[in-house]
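In: structural data only, the sequence is not supplied:
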């Protein structure tokens with residue numbers, strides 16, 4: 001037997017506290033199940049990675065994953081769930097190509113800018129507007145204030161008859177989260193990459209929800225699009241076949257070979273979430289984790305989070321040290337303590353703790369204990 005064949009799978013895995021913004025921590029239980037099924041899935045003698053995506057076995061894997069997600073989010077029947085490639089960033093192009101110009105009229109789309117990702121989304125959409133596909137209207141932006149809040153609704157400059165309204169529900173980099181969807185007349189489009197499945201969402205309020213998998217869903221390489229039926233079949237003639245939601249929906253997300261292993265692992269995560277009690281239970285735990293971390297930050301002037309309190313993210317918590325010269329020491333000692341990936345994004349600096357569903361309360365407590373001790377030792 002090889003070393004791999006004699007591996008003791010009962011041995012406790014060496015797992016540290018991972019606060020990476022993405023690709024992010026996955027539930028240990030999910031990884032152990034995937035490990036057990038790696039070489040021989042359900043007695044079939046092959047890995048899921050080696051199956052044809054059109055085989056009966058894999059189609060069942062895909063269908064079970066979709067049904068589990070539908071249960072978790074209570075997705076209405078008049079919505080399609082697509083498991084696509086290219087990450088959420090590719091949807092920055094797919095959305096205007098599918099919704100801005102339906103061949104009958106060139107429309108206008110409203111975009112709210114609250115951070116780095118919504119900035120990237122509107123920049124990409126404007127490329128198509130510049131080519132004559134339609135118009136892109138920036139409703140409001142909080143850029144002047146360094147993206148620490150959401151512009152007041154009273155300042156929004158809305159279009160009279162927009163094809164859609166786009167916003168980012170949670171800005172991963174800046175730590176700004178909108179907990180309630182905007183009240184608008186146009187179909188509401190939400191980038192939920194870093195907050196999907198963290199709490200219940202009324203899907204019926206949205207025209208389309210999209211989310212990259214690598215934060216709360218599974219490994220990188222997959223994006224999920226939840227789109228209302230009436231928004232399908234309106235793609236511009238410029239839209240590539242693989243980005244056309246109608247084409248993907250008609251082929252059950254298998255117009256080409258999908259990200260099969262990412263899809264399979266996403267299904268395992270959905271099953272795990274259901275076993276935890278669903279999104280109500282996750283919301284309670286996530287708020288408990290966030291409150292603990294923000295309390296640690298706010299209890300001393302050694303740390304600071306400058307996000308407007310009403311928009312503080314429960315998924316991504318950026319913070320700075322009072323003395324930035326201690327940043328490198330903080331990160332080095334944190335890593336020695338088993339606290340990984342706490343360096344803030346280069347656009348913001350400082351630190352950032354991403355505390356997605358798979359990050360346990362124990363991990364957040366370990367971080368808070370370390371932060372308190374580090375502040376005491378370096379004050």
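Out: Cool, the structure landed. Everything numeric in this text was worked out from a predicted model, so none of it was measured.

In: which parts of the stretch 101-250 of the chain are strands?
Out: 108-113, 135-141, 164-168, 170-171, 176-177, 188-191, 208-212, 223-228 (DSSP state E, counting those that start in this stretch).

In: tell me the angle of the first one relative to strand 135-141?
Out: Between the axis of strand 108-113 and that of strand 135-141 there is an angle of 30 degrees, by axes from the mean of the first three to the mean of the last three C-alpha atoms, to 10 degrees.

In: partner strands of strand 108-113 and their direction?
Out: Next to strand 108-113 in the sheet, as set by DSSP bridges, lie strand 135-141 (parallel), strand 164-168 (parallel).

In: show residues contacting stretch 50-67.
Out: Here stretch 50-67 makes contact (C-beta atoms under 8 Å, 6 or more residues apart in numbering) with 41-42, 44, 48, 81, 83, 252-254, 257-258, 260, 263-264, 266-267, 270. Heads up, the C-betas are built off the backbone N, CA and C, glycines and all.

In: do the same with stretch 303-314
Out: For stretch 303-314, the surrounding residues in contact (C-beta under 8 Å, 6+ apart) are 148-150, 170-171, 174-179, 194-195, 198-199, 286-287, 289-290, 294, 296-298, 317-322, 355, 371, 375.

In: dead centre of this protein: give me the residue that sits there.
Out: Nearest to the geometric centre of the chain sits residue 193, at 2.1 Å (C-alpha atoms, centre = their mean).

In: any idea how far that residue is from residue 276?
Out: In this view, residue 193 and residue 276 are 21 Å apart by C-beta to C-beta, to the nearest Å.

In: now do the helices in the stretch 101-250 of the chain.
Out: With DSSP state H, counting those that start in this stretch, the ranges of helices along the stretch 101-250 of the chain come out as 116-130, 245-250.

In: and the longest one, which residues are buried?
Out: Translated: helix 116-130. For helix 116-130, burial by neighbour count (16 or more other C-beta atoms under 10 Å) applies to 116, 117, 118, 119, 120, 121, 122, 124, 125, 126, 128, 129.

In: now the angle between strand 108-113 and that helix, please.
Out: 160 degrees.

In: what's helix 116-130 packed up against?
Out: Applying 3 or more C-beta pairs under 8 Å, 6 or more residues apart in numbering; DSSP states H and E, one finds that helix 116-130 contacts helix 87-99, strand 108-113, strand 135-141, strand 164-168, strand 170-171, strand 188-191.

In: where does this protein have low pLDDT?
Out: Scanning the chain with the threshold set as pLDDT under 70 gives 1-11, 102-105.

In: now with 50?
Out: Within the chain, the segments meeting pLDDT under 50 span 1-9.

In: domain ranges for it?
Out: When the chain is parsed with automatic domain parsing, its domains come out as 42-274, 278-378.

In: distance from the chain centre to the first one, please.
Out: Put simply, domain 42-274 sits 10 Å off its chain's centre (C-alpha atoms, centre = their mean, to the nearest Å).

In: counting neighbours, what do you get for residue 229?
Out: Residue 229 has 13 neighbours, counted by other C-beta atoms under 10 Å.

In: same deal with residue 144?
Out: By other C-beta under 10 Å, 7 other residues sit near residue 144.

In: check contacts around it.
Out: For residue 144, no contacting residues are found, by C-beta under 8 Å, 6+ apart.

In: again, only using 10 Å
Out: residue 151 (C-beta atoms under 10 Å, 6 or more residues apart in numbering).
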